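Asker: next comes the sequence, and after it the predicted model I'd like to discuss.
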Amino acid sequence: MKIGDLKKKLLISLITLLGISGVFATCDYYIDSCQDLNVSDSVYCLNTSISYSVTHGTCFNIVNVNNVTLDCHGYSVSTSVGDKGVYTWGSRDTIKNCNFTGFWWAVQLGSHGGSNNITDSYFVGNHYAIDIEDTNYNRISNVTVDCGGLSGTQGVSISGTNYLYNSKIRNCGTGVRKSGNTERIINNTIENCSDGIWIYQGGYAYIYNNLLNNTNNVKCTNPNGNHWNVTKQKGYRIYGNSSYIGGNYYTNLTGNGYSDTCVDINTDGLCDNQLDLCYMETDYLPLSDEWDSYWVISSNVTSCYNSTSLMNNVTYHDENEINPDYSVLTYTTCNEHYTCTNGICVYTGYCGDGNCQILEGENQDNCCTDCGCPFYHRCTDNVCVETAGDVGGGLGEEVGDGLLQMAIPLGGLALFGGIIIILIASVICGVKDGRGR
């Protein structure tokens, strides 16, 4: 084989190998400083913590591109002078595994684009942690916001058809500011704020199954008839072990809020009377604190009591409230995703429900779908697999016309791309033709 032909084949092989390694890599770009994220359909991975020092500047800009992911891998992005941590006008962008501290706006979604995702991140000591302008179908999930008690701060500000769920917001001037229509604010804990939820304007949002523990749980400026409860139905409660959900749990810092003191004669975990929050804003099924003395017996919701483990001072009801007193219960097992704890079926979650149930045994080793993976790993069949690590076996052997056959596993290509280049260069320099020249 001529040297020229061999060089061409090796060059093609190099391009192919490096292309394959990019497909299997977790990250397209590894970054260690603030910059514009300006390549669509790309994953940017932070590999160190950043302290941003530009006055009134923006650390990460995502403008005029779409489907960009910023994965901070648990590293922090902090400042004492910067305006914005992340600003995006894009669509289908994702911000995850980040820790933002000290910004005026930690994450701001502009009025263009939509369908963005902010998840699994911490926001500490920012003036506005998450600010969503007039853009729709954005999701905020599994975030923790702590404003640090700073005056005038807002945890989450949303406007439009957006979703906030499974998150914790605390120590803010305002926990959540709602100024659009048809939002979904579900399964959140908002506590120790001056105002828990501020209905600045707009209506038709669904706001239910939230734990509100603030000086003033609901503030209204321009109310327009939001939905503060769903119909009575079985489901996972944000607070308490009752089988039913409806509206929200309203308490306060002294523990004598409406839900703590409301009348609940049938002890189903729902207050018997509605709560008028302000003009046009009513929770018709506030959650109560009476779940500890209510047990449901039906063919659909099972009980893990048996005839030898009945408790005293407990009233037993059937599902239809027809037969109020039972002296003996038949032992049954809990439904799927529930376990029997102190005689009641308690929801424990499951791998794939979007919540990392650490106390229930979920972790990165057995449920990375919910708990994520460490740096240089990807989640495959709920197991974290290294994306750059050991290279198994030898590098190959000579075949044919002196061409080196590579046998490097795909998982190691990204890390060992430099080795591949060196090997190919060595072959080019060292191969001779059939006449020894």
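Answerer: Structure received.
Asker: contacts only, for residue 379.
Answerer: With contact taken as CB atoms under 8 Å, 6 or more residues apart in numbering, residue 379 is in contact with 368-369, 372-373, 385. Every C-beta, even on glycine, is put in place using the N, C-alpha and C of the backbone.
Asker: dump those into TSV; add pLDDT, neighbour count and secondary structure as well.
Answerer: Listed next are the contacts of residue 379 as TSV, based on pLDDT from 0 to 100; neighbours: other CB atoms under 10 Å; DSSP: H, G, I helix; E, B strand; the rest coil:
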residue	pLDDT	neighbour count	secondary structure
368	81	23	helix
369	77	17	helix
372	79	20	coil
373	79	21	coil
385	83	15	strand
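Asker: quick one: mean pLDDT for stretch 175-191?
Answerer: For stretch 175-191, the mean pLDDT works out to 91.
Asker: got the buried residues for it?
Answerer: Of the residues in stretch 175-191, 175-181, 183-191 count as buried by neighbour count, 16 or more other CB atoms under 10 Å.
Asker: residue 366 contacts residue 381, correct?
Answerer: No - in this structure, residue 366 is not within contact of residue 381 by CB atoms under 8 Å, at 10.8 Å.
Asker: rewinding a little: pick the one among the contacts of residue 379 closest to residue 199.
Answerer: Nearest to residue 199, judged by CB to CB, of those is residue 372 at 34.2 Å.
Asker: check the gap between that closest one and residue 41 for me.
Answerer: Separation of residue 372 from residue 41 (CB to CB, to the nearest Å) stands at 21 Å.
Asker: you'd agree residue 259 is in a helix?
Answerer: Yes - counting by DSSP: H, G, I helix; E, B strand; the rest coil, residue 259 is found in a helix.
Asker: look up how far residue 246 lies from it.
Answerer: Distance check for residue 259 against residue 246: by CB to CB, it reads 11 Å.
Asker: same thing with residue 49?
Answerer: In terms of CB to CB, residue 49 sits 43 Å off from residue 246.
Asker: compare the two (neighbour count), which wins?
Answerer: When residue 49 and residue 246 are compared for neighbours, residue 246 comes out ahead with 25 against 14, by other CB atoms under 10 Å.
Asker: quick one on the thing from earlier: neighbour count: residue 366 and residue 381, which is higher?
Answerer: A count of neighbours by other CB under 10 Å puts residue 366 above the other of residue 366 and residue 381, at 14 against 7.
Asker: pretty sure the more buried one is in a strand, no?
Answerer: No - using three-state DSSP, the secondary structure at residue 366 is coil, not a strand.
Asker: which ones are touching it?
Answerer: 351, 382-383.
Asker: pLDDT score assigned to it?
Answerer: For residue 366, the pLDDT comes out at 82.
Asker: same question for the one 4 residues further on.
Answerer: According to the per-residue confidence, residue 370 scores 77 in pLDDT.
Asker: could you pull up phi and psi at it?
Answerer: phi -90, psi -40 (degrees, to the nearest 10).
Asker: how far away is it from residue 164?
Answerer: Relative to residue 164, residue 370 is positioned 19 Å away (CB to CB).
Asker: which of these two has more neighbours?
Answerer: Shown here are residue 370 and residue 164; by other CB under 10 Å, residue 164 has more neighbours (28 against 23).
Asker: wait, that one touches residue 184, no?
Answerer: Yes - shown here, residue 164 and residue 184 form a contact pair, counting by CB under 8 Å, at 7.1 Å.
Asker: show me the shaky parts of the chain.
Answerer: 1-25, 291-336, 339, 341-344, 358-361, 375, 388-437 (pLDDT under 70).
Asker: quick one: the helices in it?
Answerer: Assigned by DSSP state H, the chain shows helices spanning 3-24, 258-261, 368-371, 417-430.
Asker: ok, now which ones touch residue 365?
Answerer: The neighbourhood of residue 365, defined by CB under 8 Å, 6+ apart, consists of 383-384.
Asker: dihedrals phi and psi, it?
Answerer: Here is the backbone geometry of residue 365 (degrees, to the nearest 10): phi -80, psi -30.
Asker: likewise for residue 271?
Answerer: Backbone geometry at residue 271, expressed as degrees, to the nearest 10, gives phi -60, psi 140.
Asker: how near is it to residue 230?
Answerer: Distance of residue 271 to residue 230, given as CB to CB: 15 Å.
Asker: measure stretch 204-219 end to end?
Answerer: 16 Å (CA to CA, to the nearest Å).
Asker: would you mark the buried spots in it?
Answerer: So, applying 16+ other CB under 10 Å, buried residues of stretch 204-219: 205-214, 217-219.
Asker: centre of the chain to it, how far?
Answerer: The chain centroid and the centroid of stretch 204-219 are separated by 20 Å, computed with CA atoms, centre = their mean, to the nearest Å.
Asker: and what of stretch 198-212?
Answerer: 20 Å.
Asker: with stretch 370-390 instead?
Answerer: 18 Å.
Asker: quick check: buried residues in that stretch?
Answerer: Within stretch 370-390, the residues scored as buried using 16+ other CB under 10 Å are 370-373, 375-379, 382, 384, 387-388.
Asker: need the CA coordinates for that stretch. PDB is fine.
Answerer: Extracted in PDB, the C-alpha atoms of stretch 370-390 (Å, rounded to 0.1, in the frame of the first residue of the first chain):
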ATOM      1  CA  ASP A 370     -34.500  10.200  39.700                       C
ATOM      2  CA  CYS A 371     -31.200  10.900  41.500                       C
ATOM      3  CA  GLY A 372     -28.900  11.700  38.600                       C
ATOM      4  CA  CYS A 373     -25.300  10.600  38.100                       C
ATOM      5  CA  PRO A 374     -21.900  12.100  39.100                       C
ATOM      6  CA  PHE A 375     -19.600  13.800  36.700                       C
ATOM      7  CA  TYR A 376     -18.400  11.700  33.700                       C
ATOM      8  CA  HIS A 377     -21.300   9.200  34.100                       C
ATOM      9  CA  ARG A 378     -24.500   8.700  32.300                       C
ATOM     10  CA  CYS A 379     -27.700   6.900  33.400                       C
ATOM     11  CA  THR A 380     -28.300   3.600  31.700                       C
ATOM     12  CA  ASP A 381     -31.000   1.300  32.900                       C
ATOM     13  CA  ASN A 382     -31.000   3.100  36.200                       C
ATOM     14  CA  VAL A 383     -27.300   2.500  36.700                       C
ATOM     15  CA  CYS A 384     -24.600   5.200  36.500                       C
ATOM     16  CA  VAL A 385     -22.100   4.200  33.800                       C
ATOM     17  CA  GLU A 386     -18.800   5.900  33.300                       C
ATOM     18  CA  THR A 387     -18.500   7.800  30.100                       C
ATOM     19  CA  ALA A 388     -14.800   8.300  30.300                       C
ATOM     20  CA  GLY A 389     -12.700   5.800  32.200                       C
ATOM     21  CA  ASP A 390     -10.700   2.600  31.900                       C
END
